[in-house]
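A.B. asks: coords please:
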Amino acid sequence: MYNKFDSALLAQKKFIYHYKNMRWAKGRHETYLCFVVKRRNGPNSLSFDFGHLRNRTGCHVEVLFLRLLGAGALCPGLWGYGSPDSVRLCYSVTWFCSWSPCSECSYKLVQFLSQTPNLRLRIYVSRLYFCDLEDSLEREGLRVLQRAGVKITVMGYEDYFYCWQTFVACRKSMFKAWDGLHQNYVRLARKLNHILQPGEAEDWNDAFEILGL
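C.D. replies: You can find the predicted model right below:
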């Protein structure tokens, strides 16, 4: 766990405030990124690290994470340096972000991933950042990420539960869903699907009508 970057665990109120998937998230100018890093050490061995970061002045949290990767702080051997025979080690990274990446960060991520084919990235997002307009740069950024092999998913109840147990100082208290969590998840998942797979939007509409959502 990389608590030298931020405190080891998030406070309960801070997690709920920043990750709540409300429709109008006014005043939430910070982006939090909870991460899980996995590395296959052998056929029956898997290393596991986790922690969280938030954006700093002048630096979005996604770029901060990339800087840590580039410095070898989170994934030693990603570039082959310091590993046996200079072989690049393979990593799987999962993000749980309070906001989806902006367009600029999306392109920086794609550029980084093009240089590190031994790194797989999956992104879960609580809310979509500036994605209301059909022709927004942020929407295209998400599509570029998907074309680069990044899996992007809206956080549902199970994902919040996992984050609560993994990244939050919960003191053994159970995660309690807030009012509207599921409804907002459905709305956001529907929007993300429309962004990433516009041709499938009609099928989703039929499914949600059947569910009465």
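A.B. asks: where does the residue lying closest to residue 89 once chain neighbours are set aside land in three-state SS?
C.D. replies: With sequence-adjacent residues excluded and distances taken as CB to CB, 6 or more residues apart in numbering, residue 89 is closest to residue 77, at 3.8 Å. From N, CA and C alone the C-beta is placed, and that goes for glycine too. Of the three states, residue 77 takes coil under DSSP: H, G, I helix; E, B strand; the rest coil.
A.B. asks: can you tell me how far residue 77 is from residue 91?
C.D. replies: From residue 77 across to residue 91, the span is 9 Å (CB to CB, to the nearest Å).
A.B. asks: among the two, which residue is more densely surrounded?
C.D. replies: Between residue 77 and residue 91, counted using other CB atoms under 10 Å, the more crowded position is residue 91 (22 against 18).
A.B. asks: circling back: check what pLDDT the residue nearest to residue 89 gets.
C.D. replies: On the pLDDT scale, residue 77 is placed at 84.
A.B. asks: next: the one 4 residues further on.
C.D. replies: Confidence at residue 81, expressed as pLDDT, is 63.
A.B. asks: correct me if wrong: the residue nearest to residue 89 contacts residue 116.
C.D. replies: No: when contacts are counted by CB atoms under 8 Å, residue 77 is not listed as touching residue 116 (11.4 Å).
A.B. asks: who are the packing partners of the helix ranked longest in the chain?
C.D. replies: Using DSSP state H to define each element, the chain has its longest helix at helix 181-196. Where contact means 3 or more CB pairs under 8 Å, 6 or more residues apart in numbering; DSSP states H and E, helix 181-196 is packed against helix 137-147, strand 151-154, helix 157-167, helix 201-211.
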